[in-house]
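1. What follows is a predicted structure for the sequence shown.
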Amino acid sequence: MSVAATSQDAMLQASGVSIRFGGLKALTDFNLTVRQGDLLGLIGPNGAGKSTAFNVLTGVYQPTEGEVRVAGQKVNGWVPHQINHLGLARTFQNIRLFRALTALDNVKVACRAQGALHPVRLGQAAKVGTALRNYRDWWRALLLTPGFQREERELTRQAEHLLEVMGLSHRRDEEAKNLPYGEQRRLEIARALGTRPKVLLLDEPAAGMNTREKADLMVLIRRLRDEFSLGVLVIEHDMKLVMGICETITVLDHGETIARGAPAAVRSDRKVIEAYLGDSYLESHGGAA
Amino acid sequence: MSQLLQHLINGLASGTIYALVALGYTMVYGVLKLINFAHGDVMMVGVYMGYATAFALGREAQRSLWGVVVIFAVAMGGCALLGFLIERFAYRPLREKPRLTALITAIGISFALSYGFQLDIGFLPGASPRAFPEVIVPTEWFIVGDRDVVVWNWQVISFLIAVTLMGALQFLVYRTRFGMAMRAVSWDHRTAALMGIPTDRIIALTFMLSSGLAAGAGLLYAIKDTSVSPLMGLYVGLKAFVAAVIGGIGNVPGAVVGALLLGLVEEFVVGYAASTWRDAVAFGFLILVLLVKPGGLFGRVAAEKV
Amino acid sequence: MATPGATTLPDDMAGPIPPALRGILPVLLALPVLALAEWTLGASPFATYLLSVVGVNIILAVSLNIVNGMTGQFSIGHAGFMAVGAYIAGVTSLSFKEVALSFLPVAASDQVLFVVALLAGGACAALCGFLVGLPSLRLRGDYLAIVTLGFGEIIRVFVQNTEAFGRALGLSGIPQYSSVAMVYFWVFAVVLVARRIAGSSHGRSLWAIREDEVAAEAMGVDTTGYKVRAFVISSFFAGIAGGLFAHFVPIINPGSFTFVKSMEIVVMVVLGGLGSTTGAIVAAIFLTLLPEGLRSLFGALGAEGSLAQKVDQIRMPVYGVLLVVLMLARPQGLFGTKELWDVLPRWLPRKKKGLT
Amino acid sequence: EKKTQPTGEGGQPSAQVPAVAQGGGTPAGNDVIVLGEVGALTGGQATFGISSRNGIALALKEANAAGGVKGKKLVVRVYDDQSKPEEAAQAVTRLITQDKVVLILGEVASSSSLAMAEKAQAAGVPMITPSSTNPTVTEKGDYIFRVCFIDPFQGFVMAKFAREHLKLNKVAVLQDNKSAYSIGLTEVFRQKFAELGGKITVTESYSQGDTDYRAQLTAIKKTQPEGIYVPGYYSEVGVIARQARELGLKVPLMGGDGWDSEKLFELGGSAIDGSYFSNHYSPDNPDERVKKFIADYKADYNGAVPDALAALAYDAAWVAIDALKRAPDTSGPALRDAIAQTKNFPGVAGAITLDAKRNAVKSAVVLKVADGKSTYVTTIAP
Amino acid sequence: MSEPMKVLGERREFAPLLTVEGLQVRYGAIQALRGVSLRVGKGEMVALIGANGAGKTSTLRAVSGMLKAAAGRITLEGKDTTSLKAHQLVPRGMAHAPEGRGIFPNLTVQENLELGAYLRKDTAQVAQDMEQGFTLFPVLKERRRQLAGTLSGGEQQMLAIARALLSKPQLLLLDEPSLGLAPQVTETIFRTLRDVNATGVSVLLVEQNAHLALNAAHYGYVLETGEVVMAGAGKALLESAEVRRAYLGE
Ligand SMILES: Nc1ncnc2c1ncn2[C@@H]1O[C@H](COP(=O)(O)OP(=O)(O)OP(=O)(O)O)[C@@H](O)[C@H]1O
Ligand SMILES: Nc1ncnc2c1ncn2[C@@H]1O[C@H](COP(=O)(O)OP(=O)(O)OP(=O)(O)O)[C@@H](O)[C@H]1O
Ligand SMILES: [Mg+2]
Ligand SMILES: [Mg+2]
């Protein structure tokens, strides 16, 4: 079940990735390719290694083996913000918003970071030269040059647009921490989009939403994929959602990939049922989707 | 050679004092994540309490065993109370507030105590240092040649006390319900309350414990260096805090090891390099340690799960 | 609660002012004011001195606020940077004391050299800030704090052991070039910088780091880079403050830059409200004038007899107690993370927030 | 803010009234002369600042009891500077501009005095420092005076004494690296002692506030000196002595007037016996006024015995008072000239004659410490 | 200020355990609860559903003493507990598995569980119950020495529930227990809840998955913007058109 080798249009590609925490093998020989327009699912029992996979892809953890490529670039050893600049954005399983900032500013941070001039390679970060170059842009902020003001207004516009897309315009000036759970999740997505990603990783976006909101979310995710021409990778425990929107689903268990394929195939896969869905699933949700 | 040995002894002796004070810092930090800047000054107050008691007892009594016990009891008890009051009125009201605010009140109390005790008004002792009575009659326990190397009884005593305390605290924190509660509270006292832990009481007790400890440490310190002064807390406090960080603040054995190391480093800088650079080297050492081990020698920076 | 540094410029200045002008407008407004201030105060040495001290503390507080308040990096070694600035600027001025730029009138050339000295001090401090900022690549929270503290102490010891810096006695004979106008020009500068950073995307990145480093990193914010830059800017102004200090205090010695001084600055920042520039300013003014005020108060109370001798002793303990009281009274700081105009009473004109 | 004066009779409402009131309701009429004092009343040096304050207060009390100066009462306004130069400068500026003092006394620490001198000189208000020994202080200008030794002299005295009287060949030095006073004395001592053919084995340092000097002493011990020069303040020296003996260093310690205090014996106990220090006067001096001074001081400050700083402050105050008496008026220049003419003024800390450099020319006595008191050994002239 | 709300189906009678009347909660300016009234009987399982931000979590927080009620009255077994602190309620048989799990990341799994039984003296029994918990969630047994902070999201959720059960509560408050759990585990948990409830433990359950919750619960309340707008027997609510539209997206 290995993936088509480095085809150029692969925006995100993991090959043979493994990571170990002390004794525990959290992820073993993980392969994945995300192309523009893909809408993929990543499921598996709790502790299977899904979030860990996200962390490895985004540079939060460094893989013990294997390599990760973003937009064709090998990114092993890079730090998250560098990888993000290549077009990889994510949300977090347990929400990590900038709690004291308004919804608008949360998004603006992300929008701006893209402008961030010189993505510095790790290790180089300390180099005086690079550090100094980064000050140029500060001067424009301090002198409040017309160009800079234009930029700022442009940022605000973008951010407001994203809030609107995610249906959060009414929360524009609310502090993130005061938003109810579901809206916080959507704000996280808006923020991720702010970084103008080519690939979007969503870690349990529907957690804490009621069935109704989940339904809306499904529509939304599809829409985002098309509107922003993204590749999307979703972790989710809500089968209705995953099966509903994903074209291909990868199933992890104990860090191993135990299945990959179309929803229908995966749903009826014996291994998957044992490890994850459980028999009862067939009865209750059998009809669904 | 004999000189090296003497330096070793001196270093350990002053390290021991740092250790005893550092333990207090580490305990409070452990449960509240608060750098209790007033700790050193609480210690100072304790020493003055002991000083007063010693005088009340008079020359003979203060040297008798029970006399010493009384002195320590009064000082430690008094400081425990002081610690309780400080926590109750200066820190607890800020429990829900950003950590830095409590830090500021700590600084405020530190100023109030250290400057207050410099006043020569009423019972306050005034700025000039006093000689601390020899409540533990100093006797050499180990001499080489014509006092080429000298070890004193109080040096050994305080060292043993320090090590025992370390053991005791380590046990308290990691082997007892109280300790488990402490660690729970230190993470999040609201959730801890959901477990039925009386958080306020736990925190208050921790403070009393650490303050009482400070008094004890202070007395041993005063006995060692034979003098009391209102600013003694400031200097020792800072060093002890550094020691605690070197060891990994919040970590009990770390505090002691860090303190002993700091004591030795300082001693040897003075002994074999330039004494004028002692403090610089001490802090340089600290920074070095942190650059190599960002969490201190024993501290672990918990890799947060994302 | 408003967003830290609620999106200020340019949004809420959106109005008649043409964009091209906005950048320099405040400067144009400030200069005549400063001139006026100098002209009126030149007469009273005490007022001048006091105002200068206040000004320096404002610069220190506001600059520290960039690191402690906005970026959430806990630095308690600010006095160290101040010392660097003070001594470098001091030595520079001393060595150029006799020099005069021929093409300028003496007074003017002095001021030019003064500015050069200040910038030299600021630059060196900034460099130190860069070096101290680097550990923040690895260190978090209180561990970073203790490193900054250590740095401050090391600087002190270094000065204490250097003949060129006058060792314990200190550096005296530095030409007293400073003036209220000069001090407050820099006050103005640091405030402008702080506010414009806060209002700019850079500011937002700093807030983001303070709120959640992992998330900021994931959203493409070069966290270490920004932290280091925050340190550099903040310590540059600390250096300037030191330089000014050295040019109106007749003698600088290591005792003026202990960690207690650093603590006083931290207090100003926290009391003002972490991240609130105006808060830092108000707190700095208040805490600097407080001891002088107590002096007058106590003096007025017990002018005669033995108490008169003691009143000044009581100041510091009282100062300490007041800190506690103030903090208990306003735990979130004077203005929280808001700015003055956010907390002004309703009927006063406020800056409007966000685009409309 | 109070606007009426307590003893306001005759206090004509002048422009300066509000300022003075702010300065603490000075009875600023024709009937009082306001002096200013700056000292460290809090912080690391408080103990010295407070001694000085007490000495001055005593002097003024006596003067006022004796009818004041030209029928006017003397008042002193004391401001704390936490031994920080910037605070000292601020305080002195306040004294001059707000409290309109005619003359300024202080400081102990030379760095603070330098800061004050700058301001006093600029304002043309005379200033007398009781105990700042750094030569540069009085070089600030013709309004700045001092009633104590300067570092070079004391260093020279002890070097001479150690070499010629005690016949020491090898001496170690332990200096307070935080105190300009200590550093100043050390430099001169080392130089002179070498000139006189002696050898300095090692120079170690501590910083004010330390309480553990064992490391330095152990290092010193290794060099087997015949004596140790410790030009610090009694607050540390006492403890140093104890620890030296504890480590088996039995050689005599030597120091300067910073030692002079009862506390030295309390802190040092028997350990300090057999040590020597240079001083302005010796307590067992038969001179009546010295006895009286000590008695009065004890009486006023619940039994505390005056230290050198108290004595010098007391003298400084009296020099000021004397000048005020002689001067035609209390204007700066008049006072300056009056002070400058001080000759053989009988101070409790030795007779004071101010030289052209406005420094006190005094001969120093060397005292020996033995069982809880210091006894006269010899006098060494400049 | 509880105005007329819609009630469907009739309620099975239980001896009263928890009663909440006119409960109000504020976060600074924001009023999260505007007079919530509800009842939980002995041995009853009550579900609390509602959209995001309706005030479900706030309700639980107030009941368990985490939040101070701005107004209203809370009684447990007839005794007024409105002003009691969280740790005073635990000995009265209250257990709350809070939103966001509230585990102690700096403690091991084992220690987290022991904290659950902090107030219990019957050591032997505790050990037994812990084993039972492990059979319920085998993962936890594997990881008992691991720092709880490094558990996966779902594993943390299991830990939180297991811990809550260990205090042998008579009233169990659960805030979105199924959050982030694999379907299978969700099944297990709800099965467990039924068992626990069957042994006489009352349960007040906040769930986004209205389907699951209302199926399991005897009785249900629907919360909207801080007010109870509807109540009724679980099944009855499930049938009702409003609920189906609003929360089941049908
Ligand atoms: N930093 C870490 N240290 C130690 N173990 C870790 C760490 N991070 C994750 N693990 C372990 O790796 C395994 C996978 O964790 P991960 O968060 O990827 O699970 P998951 O698939 O996201 O589960 P869930 O669906 O519950 O979130 C878990 O068993 C967890 O205990
Ligand atoms: N700490 C807080 N500070 C300010 N407002 C808050 C806070 N917590 C909750 N709120 C507000 O109170 C209201 C109720 O929040 P609550 O969390 O109780 O809703 P909920 O029903 O639990 O929502 P969810 O299903 O998303 O958990 C919401 O509008 C929320 O914005
Ligand atoms: Mg996960
Ligand atoms: Mg909730």
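-> Right, received. Where do you want to start? All values reported here derive from a predicted model rather than from experimental measurement. Ligands and ions are numbered 1, 2, ... in the order given.
2. Enumerate every residue touching whichever residue of the stretch 101-250 of chain B sits closest to ligand 2.
-> Of all residues in the stretch 101-250 of chain B, residue B:190 sits closest to ligand 2, with a separation of 11.3 Å (Cβ to the nearest ligand atom). No exception for glycine: its C-beta is placed from N, CA and C like everyone else's. Counting by Cβ atoms under 8 Å, 6 or more residues apart in numbering or on different chains, residue B:190 touches E:66, E:86.
3. swap in residue E:239?
-> Going by Cβ under 8 Å, 6+ apart, residue E:239 touches residue E:8.
4. which SSE is residue B:254 in?
-> Residue B:254 is part of helix B:252-272, with elements assigned from DSSP states H and E.
5. typo on my end, residue C:293
-> Per DSSP H and E: helix C:277-301 holds residue C:293.
6. do the same with residue C:315
-> Per DSSP H and E: residue C:315 is located in helix C:305-329.
7. how many neighbours does the nearest residue to residue C:215 once chain neighbours are set aside have?
-> Spatial nearest neighbour of residue C:215, chain neighbours left out: residue A:96 (4.0 Å); criterion: Cβ to Cβ, 6 or more residues apart in numbering or on different chains. By other Cβ atoms under 10 Å in any protein chain shown, the residues close to residue A:96 number 20.
8. hey, what's residue D:379 bridged with?
-> For residue D:379, the beta-bridge partners are residue D:365 (DSSP bridges).
9. er, residue E:222 I mean
-> Residue E:222 forms beta bridges with residue E:49, residue E:230, as assigned by DSSP bridges.
10. if we can go back for a sec, only C-alpha atoms, please: export the helix holding residue B:254 in PDB.
-> Extracted C-alpha coordinates of helix B:252-272, given in PDB (Å, rounded to 0.1, in the frame of the first residue of the first chain):
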ATOM      1  CA  VAL B 252      14.300  19.200  46.100                       C
ATOM      2  CA  PRO B 253      17.600  17.400  45.600                       C
ATOM      3  CA  GLY B 254      18.400  19.800  42.800                       C
ATOM      4  CA  ALA B 255      18.200  22.700  45.300                       C
ATOM      5  CA  VAL B 256      20.700  21.000  47.600                       C
ATOM      6  CA  VAL B 257      23.100  19.900  44.900                       C
ATOM      7  CA  GLY B 258      22.900  23.200  43.100                       C
ATOM      8  CA  ALA B 259      23.600  25.000  46.400                       C
ATOM      9  CA  LEU B 260      26.600  22.900  47.300                       C
ATOM     10  CA  LEU B 261      28.000  23.400  43.800                       C
ATOM     11  CA  LEU B 262      27.500  27.100  44.000                       C
ATOM     12  CA  GLY B 263      29.200  27.200  47.400                       C
ATOM     13  CA  LEU B 264      32.200  25.300  46.000                       C
ATOM     14  CA  VAL B 265      32.500  27.300  42.800                       C
ATOM     15  CA  GLU B 266      32.500  30.600  44.800                       C
ATOM     16  CA  GLU B 267      35.000  29.200  47.300                       C
ATOM     17  CA  PHE B 268      37.400  28.100  44.600                       C
ATOM     18  CA  VAL B 269      37.100  31.200  42.500                       C
ATOM     19  CA  VAL B 270      38.200  33.100  45.500                       C
ATOM     20  CA  GLY B 271      40.800  30.600  46.600                       C
ATOM     21  CA  TYR B 272      42.500  30.000  43.300                       C
END
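11. Would you indicate which residues of it are buried?
-> Across helix B:252-272, burial judged by 16 or more other Cβ atoms under 10 Å in any protein chain shown covers B:252-271.
12. That helix close to chain C?
-> No: Helix B:252-272 stays clear of chain C (Cβ under 8 Å from any Cβ of the partner chain), getting no nearer than 11.2 Å.
13. next helix or strand past that helix?
-> Sequence-wise, the next helix or strand downstream of helix B:252-272 (DSSP H and E) is helix B:278-292.
14. which residues are in contact with that following helix?
-> Applying Cβ under 8 Å, 6+ apart, the contact partners of helix B:278-292 are B:239, B:242, B:245-246, B:261-262, B:265-266, B:269-270, B:273, B:296-297, C:135, C:138-139, C:143, C:146-147, C:149-151, C:153-154, C:156-158, D:207.
15. Which of those residues fall in helices?
-> Among those, the residues falling in helices (DSSP state H) are B:239, B:242, B:245-246, B:261-262, B:265-266, B:269-270, C:143, C:146-147, C:149-151, C:153-154, C:156-158.
16. In PyMOL, how would I select just the buried ones from the residues you listed?
-> Filtering those down to the buried ones (16+ other Cβ under 10 Å) takes a single PyMOL command:
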select buried, (chain B and resi 239+242+245+246+261+262+265+266+269+270) or (chain C and resi 143+146+147+149+150+151+153+154+156+157+158)
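17. Of the ones in helices among the contacts of helix B:278-292, which ones also sit close to ligand 2?
-> By Cβ under 6 Å from any ligand atom, no member of these lies near ligand 2.
18. Could you find the closest non-adjacent residue to residue E:159?
-> residue E:103 (5.3 Å).
19. How many residues are close by the one you found?
-> Neighbour count of residue E:103, defined by other Cβ under 10 Å: 25.
20. Thought residue E:160 was touching it, still the case?
-> Yes: the criterion here is Cβ atoms under 8 Å, and residue E:103 meets it with residue E:160 at 5.6 Å.
21. shared neighbours of these two, which are they?
-> Contacts common to residue E:103 and residue E:160, judged by Cβ under 8 Å, 6+ apart, are absent.
22. Tell me where chain D has helices.
-> For chain D, helices defined by DSSP H occupy the ranges D:16-22, D:46-65, D:85-97, D:110-123, D:151-160, D:180-195, D:214-222, D:234-246, D:262-268, D:288-300, D:308-326, D:332-340.
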